[in-house]
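Colleague: Here's my sequence, what's the structure:
(2 chains)
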Amino acid sequence: MKPVKRKSTTDAPIKPPVKHHETRQTKTAGGDLVDKLHAYRDHHAHALFSSLGRLVATPFTSIMTIAVLAISISLASGFYITVINIQQLTANLENSNQISLFLKDDVSNEEANNLTATIRKNPSVQAVKIITKEQALVEFKAYSGFGEAIDVLDKNPLPIVLQVFPKNTLKDKQELEALFKTVKNLNEVDYAQVDMQWVERLQSMVEVARLGTVLFSVMIGLGVLFIIGNTIRLELHNRRDEVMISKLIGATNAFISRPFLYTGFWIGFISGVSAWFIVAILMLILRDPVEKLSGLYEGDLHLIFLGFTDTLALLLASSLLGVFSSWAVLLFQLRHTRPE
Amino acid sequence: MLKFDNVSKRYPETGDVLHNVSFHLQQGEIAFLTGHSGAGKTTLLKLIAVMERCSRGEIFLDGQCVSHVKERHLPFLRRKMGVIYQDYKLLTDRTVFDNVALPLAIAGFGHAEIRRRVRASLDKVGLQGKERKFPQALSGGEQQRVGIARAVVNKPPLIIADEPTGNLDPELSAEIMLLFEQFQQVGVTVLIASHDISLISLMNHRVLKLDHGQLIL
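Modeller: Here you go, the predicted structure:
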C-alpha cells in the first residue's frame, strides 16, 4: 500500500479538533438542505426498488405468500361485489312496487278493461297495466320453458292480471295499504298480491349480507395482517446480520425498518392487484350466465365489476395492511434485537 | 476524548470481567489494549460500542456519557466511532462498495459524495479496483481491510479495533498500523486491542494492559 500523498477526501476534514470536525462533517452531509433531501429521496427510492428486487430474487417464496394473500383478499372483495350486485337488483325492484290483481277466471277482457278504467280513477294510482290471458300465455311460453306443457292443456289456465302501480308508493305505506284493501275487495279480483313484502325481505337479507361482508372483510384483513407480519418477521430473521451490523454502524431503527416496510408494501400491493385480477376473471366467467339468467326473469341486470373507487380502495387497503403489519412487527422485533 | 471512570462489568455467570477500570485517552492518541485471552479486552471494547452496558462506573466519549445513553440517542453516538471487528462483520450479500458505503448511507449522504468517499477510503486501505467484488471473493486480509475502510469512511473521531491485524501478514499489519498513525495525525483517537506483542513493541504508543479484568499501568 502506498503512503497517501494526494489530497484524499478521507483525511482532509479531520485536521481541526473534534468539534470543528463534526460541524464540517454535517456540513458536507447536508450543507444544502436540498442535497440532504435528495439523498433522502434517493435512499427511499433505493429501498423501494431493492425490496422489490428481493421479492423477485426469491420467486417461489414470494409467489406462495402472495398467492395466499391474493386468494384471501379476492374472497373478501368477491363477496363484496356479489352483495353490490344483489343490491343493484333489489334497487331496481324498489321502483316496481306494485299490486298484482289476479282476476277471477270468468272475467272477460272487456270487463277487465272496464275495471282497469275504474281503478285508474283512484287518486293513489299512477297507472294500471292489463295483461290479458293471451299475452300471459305468450310470455309464459317464451320465458318459462314450460311452453310445451301448456300446449297439452286444452284451455288457457292463466288468469287476467292487472298490474296496479301506485303513486309515491315508498313514501306512504298506509296509502298503499288502503289502496291494497280497496282493490283486493273488488268483485272481479280473485287474489291480490303486493310485491312489496318480498322486496323488503330481500332487502333486509341483503342488509345482513352486507354486514356479513364487513365482518368477513375484517377477518380477512386480520388474516392478511398476520400473514404479512409473519413474512416480515422471517425476513427480518434471515437478514439478522444485516440488521445487527447496521445497528452497530449507527443506523436508527427507522433506517433499518425502511426496506422491510417497503417489502410489506410490495407484498400487500401485489396481493391486492392479484386479488383484483382473480375477482375480474371470476366475474368474466360469471357474466354471461348471470345475464342470461337475468333475461329469463325479464330483468336487465348487468353485472357490476369493481369500479374505480373500489379498485383504489382495494389496492390502498391491501398496501396499507402490508405496511402496517410490517411496522408493528418491526417495532416489536427491533427493540429486542441487540447487537452481539 | 475517551474516559473510563471506575468501570466494572459483571456477568451473572462469570462474575466481574472488568474491575474498576479507569483511563483517559486524549484526542489524537493511539493506545494498545493488551492482555491474555479472557482478560476483558473484548468486553471493554463492547462497552465503548454500547453492545454491553457497564455494571458500575461511567464511560465518557467526547464529554458524552456513553454508559447511560438513551436507546434513541444510541445510533448517533455510534456514528462517532468507527469499529473494526475481529470477524469483520461484513454484509456477504453486498459488494465491497456497498459495505463501505453503508455508514454514509446511514448518515444520509448523497450518491456523489458517497461514491467519492468510498473510493478514497478503499484507496487508503489498498483495495482500489475491488469495489464490485463480494466479501467472500476476498482473502481474510482483504476483508479485514474492507472493515477498516468502512470504519474510517465516515471520519469518526474515535476508531476502535479488535485484533485488526489478526489475519494479516506482518507486512500488511505494519501497513495497517501506519494507516492508524495517519489517522492519529489528523486528530483521530485510536484504540487497538491486540496481543501481537512484537508489533506493539515496535511502535511507540501507550499500552493499556488488562489482567483479569484490572488495568495494570
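Colleague: so how many other residues sit close to B:Gln184?
Modeller: Using other Cβ atoms under 10 Å in any protein chain shown, B:Gln184 is surrounded by 17 other residues. Placement of C-beta: from N, CA and C, glycine included.
Colleague: Thought B:Ile192 was touching it, still the case?
Modeller: No. The pair B:Gln184 and B:Ile192 does not pass the contact test of Cβ atoms under 8 Å, sitting 10.7 Å apart.
Colleague: any shared contact partners between those two?
Modeller: By Cβ atoms under 8 Å, 6 or more residues apart in numbering or on different chains, B:Gln184 and B:Ile192 have these common neighbours: B:Ile30.
Colleague: Quick check, pLDDT for the most centrally placed residue in chain A.
Modeller: In chain A, the residue lying closest to the centroid (Cα atoms, centre = their mean) is A:Ser77, at 4.0 Å. At A:Ser77, the model reports a pLDDT of 93.
Colleague: just checking, it touches A:Leu306?
Modeller: Yes. A:Ser77 is within contact range of A:Leu306, at 6.6 Å (criterion: Cβ under 8 Å).
Colleague: if we can go back for a sec, next up, identify which helix or strand the closest residue to the residue nearest to the centre of chain A other than its chain neighbours is on.
Modeller: Excluding the flanking residues, the one nearest A:Ser77 by Cβ to Cβ, 6 or more residues apart in numbering or on different chains is A:Val279, at 5.2 Å. A:Val279 is located in helix A:253-296, with elements delineated by DSSP states H and E.
Colleague: And for B:Leu172?
Modeller: Assessed by DSSP H and E, B:Leu172 sits inside helix B:170-185.
Colleague: following the worst-scoring helix or strand of chain B on mean pLDDT, which helix or strand comes up?
Modeller: Lowest mean confidence among the helices and strands of chain B (mean pLDDT, DSSP states H and E): helix B:197-202, at a mean of 81. Per DSSP H and E, helix B:197-202 leads on to strand B:206-211 as the next helix or strand towards the C-terminus.
Colleague: Outside of the following helix or strand past that following strand itself, list whatever touches it.
Modeller: Using DSSP H and E, the next helix or strand after strand B:206-211 towards the C-terminus is strand B:214-216. Residues outside strand B:214-216 that contact it (Cβ under 8 Å, 6+ apart) are B:19-23, B:208-210.
Colleague: Just the local confidence number for residue 149, please.
Modeller: I went with chain A, as the question did not name one. Note on A:Ala149: pLDDT of 73.
Colleague: looking at chain B here, not the other one
Modeller: We note a pLDDT of 93 for B:Ala149 in this prediction.
Colleague: contacting residues for it?
Modeller: Counting by Cβ under 8 Å, 6+ apart, B:Ala149 makes contact with B:100, B:118, B:121-122, B:124-125, B:127.
Colleague: Contacting chain A as well, which ones from the residues you listed?
Modeller: Subset of the contacts of B:Ala149 in contact with chain A: B:121, B:124-125, counting by Cβ under 8 Å from any Cβ of the partner chain.
Colleague: My guess is A:Ala192 contacts A:Ile99. True?
Modeller: Yes. In terms of Cβ under 8 Å, A:Ala192 counts as a neighbour of A:Ile99; the distance is 6.1 Å.
Colleague: which residues are common contacts for the two?
Modeller: The contact sets of A:Ala192 and A:Ile99 overlap at A:180, A:183 (Cβ under 8 Å, 6+ apart).
Colleague: Comparing the two, which shows the higher neighbour count?
Modeller: Between A:Ala192 and A:Ile99, counting by other Cβ under 10 Å, A:Ile99 is the more crowded of the two (25 against 18).
Colleague: hmm, back to that, now, which of the ones next to chain A among the contacts of B:Ala149 lie within helices?
Modeller: When these are checked against helices (DSSP state H), the matches are B:121, B:124.
Colleague: Including distance to B:Leu178, could the ones next to chain A among the contacts of B:Ala149 go into a markdown table?
Modeller: Converted to a markdown table, the ones next to chain A among the contacts of B:Ala149 look like this (distance: Cβ to Cβ, whole Å):
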| residue | distance to B:Leu178 |
| --- | --- |
| B:Ser121 | 16 |
| B:Lys124 | 11 |
| B:Val125 | 11 |
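Colleague: sorry, back to before: need the contacts of strand B:214-216 in a markdown table (columns: neighbour count, distance to A:Leu162 and pLDDT).
Modeller: Shown next, in a markdown table, are the contacts of strand B:214-216 (neighbours: other Cβ atoms under 10 Å in any protein chain shown; distance: Cβ to Cβ, whole Å; pLDDT from 0 to 100):
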| residue | neighbour count | distance to A:Leu162 | pLDDT |
| --- | --- | --- | --- |
| B:His19 | 19 | 106 | 90 |
| B:Asn20 | 15 | 107 | 91 |
| B:Val21 | 23 | 105 | 91 |
| B:Ser22 | 12 | 108 | 92 |
| B:Phe23 | 17 | 108 | 93 |
| B:Leu208 | 21 | 109 | 91 |
| B:Lys209 | 16 | 113 | 91 |
| B:Leu210 | 23 | 108 | 90 |
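Colleague: List just the nearest of the residues you listed to chain A.
Modeller: B:Phe23 (18.5 Å; Cβ to the nearest Cβ).
Colleague: before we move on, back to that, from the contact counts, what lies against the helix holding A:Val279?
Modeller: Judged by 3 or more Cβ pairs under 8 Å, 6 or more residues apart in numbering or on different chains; DSSP states H and E, helix A:253-296 is in contact with helix A:33-57, helix A:59-95, helix A:196-238, helix A:240-249, helix A:308-335.
Colleague: Just send those back as JSON lines, with distance to A:Pro159 too.
Modeller: Listed next are those as JSON lines, based on distance: least, Cβ to Cβ, whole Å:
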{"stretch": "helix A:33-57", "distance to A:Pro159": "67"}
{"stretch": "helix A:59-95", "distance to A:Pro159": "23"}
{"stretch": "helix A:196-238", "distance to A:Pro159": "20"}
{"stretch": "helix A:240-249", "distance to A:Pro159": "80"}
{"stretch": "helix A:308-335", "distance to A:Pro159": "45"}
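Colleague: Now do the one residue sitting closest to the centre of chain B, the pLDDT please.
Modeller: Against the mean C-alpha coordinate of chain B, by Cα atoms, centre = their mean, the closest residue is B:Ile160 at 2.1 Å. pLDDT recorded at B:Ile160 is 94.
Colleague: hang on, it is in a helix, isn't it?
Modeller: No. Going by DSSP: H, G, I helix; E, B strand; the rest coil, the assignment for B:Ile160 is strand, not a helix.
Colleague: partner residues bridging it?
Modeller: Taking DSSP bridges as the rule, B:Ile160 bridges to B:Val83, B:Leu191.
Colleague: what sits up against stretch A:268-276?
Modeller: In this structure, residues lying in contact with stretch A:268-276 by Cβ under 8 Å, 6+ apart are A:55, A:66-67, A:69-74, A:77, A:224, A:228, A:306, A:311, A:314-315, A:317-323.
Colleague: and if you look at stretch B:47-62?
Modeller: For stretch B:47-62, contacts defined as Cβ under 8 Å, 6+ apart pick out A:18, A:248, A:338-340, B:1-10, B:18, B:20-22, B:43, B:46, B:65-69, B:74, B:77-78, B:80-81, B:83, B:157-158, B:160, B:191.
Colleague: for stretch A:50-67, same thing?
Modeller: A:227-228, A:231, A:259-260, A:262-263, A:265-267, A:270-271, A:274.
Colleague: Figure out the length between the terminal residues of it.
Modeller: Distance between the two ends of stretch A:50-67: 21 Å, counting by Cα to Cα, to the nearest Å.
Colleague: can you check stretch B:130-147 too?
Modeller: This stretch, stretch B:130-147, spans 13 Å end to end (Cα to Cα).
Colleague: Quick check: buried residues in stretch A:174-181?
Modeller: Neighbour-count burial for stretch A:174-181 flags A:176, A:179-180 (criterion: 16 or more other Cβ atoms under 10 Å in any protein chain shown).
Colleague: Walk me through the domains of chain B.
Modeller: Domain segmentation of chain B under automatic domain parsing yields B:1-80+B:156-217, B:91-155.
Colleague: hmm, which helix or strand of chain A has the shakiest average pLDDT?
Modeller: Within chain A, no helix or strand scores below helix A:18-30, which has a mean of 41 by mean pLDDT, DSSP H and E.
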